[in-house]
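Undergrad: give me a model of this one.
(one chain, ligands or ions: 1)
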Amino acid sequence: MNLSFNPDTLALPIHHLIGDRRVPAKGVIGMRRPSDGKSYADCPQASADLVDEAVATAKAALKTSNWGGVRPRERINVMHRWADLIEQEAVTLAKLEAIASTRPVGELVAGDVAITAEQIRFFAEFADKEGSDLVPTDDGNLGMTMSEPYGVVGAITPWNVPLSMAGWKLGPALAAGNAVVLKPSEMTPFSTLFMAELALKAGVPAGLINIVLGDGPVTGNAITGHPDIAKVSFTGSTGAGSAIMANIAATGIKPMTLELGGKSPQLVFADADLNKAAAAIARSILANAGQACVAGSRLIVEEGVAQDLCNAIVTEMKKVKAGPTWDEASRYSPIISERQRDRIDTIVKAAVAAGGTCVYGGAPMEGDGYFYTPTLITDVDNASPAITDEIFGPVLSVQTFRTEEEALSLADHPTYGLAAGLFTRDLSRAIRMTRALQAGTIWVNRYSRSRDHILPTGGYKQSGIGKDLGREAYLANRKTKSVLINL
Ligand code: NAD
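TA: The predicted model follows:
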């Protein structure tokens, strides 16, 4: 199958989706393709009034479809049909994802698209397995916890893996019997819109998924502060998460799931399989050019093997072949925008000015688009901007340690605790360190998710509140009522 395509002739869905209506709107937010910097579309901005209409549509749809009250297997069957359509339309979805985002089209069909379909099925299956419980009380009473959907969930997603993030929000919310008003990133709305239209085709009642386009301060704020949005599910930066908490506090308390930024360490002990560790570490910082919440951006390595490991990682870094996301052969991503590429460069330069040594990279790539050279920086201390800031680019910092205590102390970031990697052949140490590391996900002798969607993902510290994926994500979309009946 040839997946390469001409980005100038790809038809783009660019409208709001409210109920089953495509709502056309004037584009106001300029969009540029990361791969060549070309201006190619303008994203509309949903006003508070339009968000209001979307929420009212969602509420009405819940009522008319009785989505939360039908036999759960009906919800499951519809969602399975939706997953089938996602697979059937994988190529279109991959192209819509690739043109706007930084994800190469060659990685998407078997990767993000297939995984998204799988996760929709995974979440659907909770619908008739999780529910209310009878609880122990004395003989004179009947006690139970009654599980119920929230109603209308507000969801907001980032640009770095747009389709996956939409699946993480829509899957559990719908399976749990809710309706959703979702705002994708203003930089990458197309794949989410197309996926929502596939849900309509599959038979998800109109109005249960509503997509409003726009930026955070206007459209996002209108969603999180809306009185009829019963719960907010957000993935994005820690800064935006903080603004959302403030808005929710100011407009009416409601539950929220926040999946935020990271600055994840990878600890390598001298007894590890260094070749495997080097390959995993390089992959983790080169995938999507480091634009991943769980990017393993801080290498913390035992002193005696640091040089060899860095050499092996630089060898991997030298192999990247940058190319436009619409070329099937491309495997190295551009940075999402010129502004973000400049920010990466500014942090790298500041880290060097603060005493860091740039062993490899450290500059934008020549040519079209917003590509940045893979970068490895040594001689950094905890005050260096290479350590303090989430760079969200292909930049790996290196620190060395002599003892486990020192390794743990370096790993313990003051702000973030999203993920951590650990490479050692010593089982006891692996368990000791796993217990001590302060992160929501620990990978041992690997650094990546598997397709075991049952493992929840979420952050410690300011990397977030609550979980996506796993049973936790489904349960986060249900509320619990305690009932006590006097017999
Ligand atoms: P961002 O915070 O700038 O934007 C994310 C989304 O939030 C966008 O749709 C944006 O329009 C919206 N938004 C921004 N400000 C808002 C506000 N005040 N109110 C409501 N909505 C608002 O993040 P980004 O640059 O799109 O994505 C990169 C960030 O996302 C990184 O920090 C990354 O670590 C994080 N991320 C986290 C996870 C995770 O699972 N923890 C996954 C992917 C990305």
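
Undergrad: which positions in this structure make contact with the ligand?
TA: 156-160, 183, 185-186, 215-217, 220-221, 224, 235-237, 240, 243-244, 259-262, 293, 390, 392, 418, 457, 459, 464, 468 (C-beta under 6 Å from any ligand atom). From N, CA and C alone the C-beta is placed, and that goes for glycine too.

Undergrad: okay, and which of the residues you listed map to strands?
TA: 156, 183, 235, 259, 464 (DSSP state E).

Undergrad: if we can go back for a sec, mind listing which of the residues of the chain next to the ligand are in helices?
TA: Among those, DSSP state H puts 221, 224, 240, 243-244 in helices.

Undergrad: returning to that earlier point: for ChimeraX, what selects the buried ones among the residues of the chain next to the ligand?
TA: Per 16 or more other C-beta atoms under 10 Å, the buried members of these correspond to this ChimeraX selection:
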select :156,157,158,159,160,183,185,186,215,216,220,221,224,235,236,237,240,243,244,259,260,261,262,293,390,392,418,457,459,464,468
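
Undergrad: grab the most central residue of the chain for me.
TA: For the chain, M165 is the residue whose C-alpha lies nearest the centre (C-alpha atoms, centre = their mean; 4.9 Å).

Undergrad: that one reaches G236, doesn't it?
TA: No. If you go by C-beta atoms under 8 Å, M165 and G236 don't touch, sitting 9.1 Å apart.

Undergrad: spell out which residues are contacts of both of the two.
TA: Common contact partners of M165 and G236 (C-beta atoms under 8 Å, 6 or more residues apart in numbering): 157-158.

Undergrad: residues of the helix or strand that contains the residue nearest to the centre of the chain that come out buried?
TA: According to DSSP states H and E, M165 maps onto helix 162-175. Within helix 162-175, the residues that qualify as buried are 162-175, counting by 16+ other C-beta under 10 Å.

Undergrad: ditto for stretch 241-248
TA: Neighbour-count burial for stretch 241-248 flags 241, 243-245, 247-248 (criterion: 16+ other C-beta under 10 Å).

Undergrad: quick one: residues in contact with it.
TA: So stretch 241-248 is in contact with 156, 216, 220-221, 224-225, 232, 234, 254, 256, 258, 260, 462, 464, going by C-beta under 8 Å, 6+ apart.

Undergrad: apply 7 Å and report the result again.
TA: 221, 224-225, 232, 234, 254, 256, 258, 260 (C-beta atoms under 7 Å, 6 or more residues apart in numbering).

Undergrad: in JSON lines: those, plus pLDDT and distance to L17.
TA: Listed next are the contacts of stretch 241-248 as JSON lines, based on pLDDT from 0 to 100; distance: C-beta to C-beta, whole Å:
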{"residue": "N221", "pLDDT": "98", "distance to L17": "20"}
{"residue": "T224", "pLDDT": "98", "distance to L17": "20"}
{"residue": "G225", "pLDDT": "98", "distance to L17": "21"}
{"residue": "V232", "pLDDT": "98", "distance to L17": "20"}
{"residue": "F234", "pLDDT": "98", "distance to L17": "20"}
{"residue": "K254", "pLDDT": "98", "distance to L17": "24"}
{"residue": "M256", "pLDDT": "98", "distance to L17": "23"}
{"residue": "L258", "pLDDT": "98", "distance to L17": "25"}
{"residue": "L260", "pLDDT": "98", "distance to L17": "27"}
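
Undergrad: tell me the secondary structure at the nearest residue to A41 once chain neighbours are set aside.
TA: Leaving out its chain neighbours, the residue that sits closest to A41 by C-beta to C-beta, 6 or more residues apart in numbering is M31, at 4.5 Å. Here M31 is strand, with the state taken from DSSP: H, G, I helix; E, B strand; the rest coil.

Undergrad: shouldn't M31 be in contact with Y40?
TA: Yes. With contact defined as C-beta atoms under 7 Å, M31 counts as touching Y40 (6.2 Å).

Undergrad: what about the two, which has more around it?
TA: Neighbours were counted for M31 and for Y40 using other C-beta atoms under 10 Å; M31 has more, 22 against 16.

Undergrad: pLDDT score assigned to that one?
TA: On pLDDT, M31 comes in at 98.

Undergrad: swap in V204?
TA: Looking at V204, its pLDDT reads 98.

Undergrad: equivalent analysis for E87, please.
TA: Looking at E87, its pLDDT stands at 98.

Undergrad: what's the helix or strand for it?
TA: Secondary structure from DSSP H and E places E87 in helix 72-88.

Undergrad: now the angle between helix 162-175 and that helix, please.
TA: In terms of direction (axes from the mean of the first three to the mean of the last three C-alpha atoms, to 10 degrees), helix 72-88 departs from helix 162-175 by 160 degrees.

Undergrad: just the CA trace of the helix or strand following helix 72-88, in PDB.
TA: Per DSSP H and E, the first helix or strand lying C-terminal to helix 72-88 is helix 90-100. C-alpha atoms of helix 90-100 as PDB (Å, rounded to 0.1, in the frame of the first residue of the first chain):
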ATOM      1  CA  ALA A  90      -7.300   4.000   8.300                       C
ATOM      2  CA  VAL A  91      -5.600   5.500   5.300                       C
ATOM      3  CA  THR A  92      -7.800   8.600   5.200                       C
ATOM      4  CA  LEU A  93      -7.400   9.000   9.000                       C
ATOM      5  CA  ALA A  94      -3.600   8.600   8.600                       C
ATOM      6  CA  LYS A  95      -3.400  11.300   5.900                       C
ATOM      7  CA  LEU A  96      -5.600  13.700   7.900                       C
ATOM      8  CA  GLU A  97      -3.400  13.100  10.900                       C
ATOM      9  CA  ALA A  98      -0.100  13.400   9.000                       C
ATOM     10  CA  ILE A  99      -0.800  16.700   7.200                       C
ATOM     11  CA  ALA A 100      -1.400  18.800  10.300                       C
END
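
Undergrad: mind giving me the packing neighbours of the helix or strand following helix 90-100?
TA: Next helix or strand after helix 90-100 toward the C-terminus (DSSP H and E): helix 114-124. Judged by 3 or more C-beta pairs under 7 Å, 6 or more residues apart in numbering; DSSP states H and E, helix 114-124 is in contact with helix 72-88, helix 162-175.

Undergrad: got the buried residues for the first one?
TA: Pointing back at helix 72-88 there. For helix 72-88, using 16+ other C-beta under 10 Å, the buried residues are 72, 75-76, 78-83, 85-86.

Undergrad: what's the closest of these to the ligand?
TA: In terms of C-beta to the nearest ligand atom, no member of those lies closer to the ligand than I86, at 19.7 Å.

Undergrad: which parts of stretch 468-483 are buried?
TA: So stretch 468-483, judged by 16+ other C-beta under 10 Å, has buried residues 468-479.

Undergrad: nearest to the ligand among these?
TA: Here the nearest of the buried residues of stretch 468-483 to the ligand, counting by C-beta to the nearest ligand atom, is D468; it sits at 6.0 Å.

Undergrad: that closest one pairs with what?
TA: In this entry, D468 is beta-bridged to T457, by DSSP bridges.
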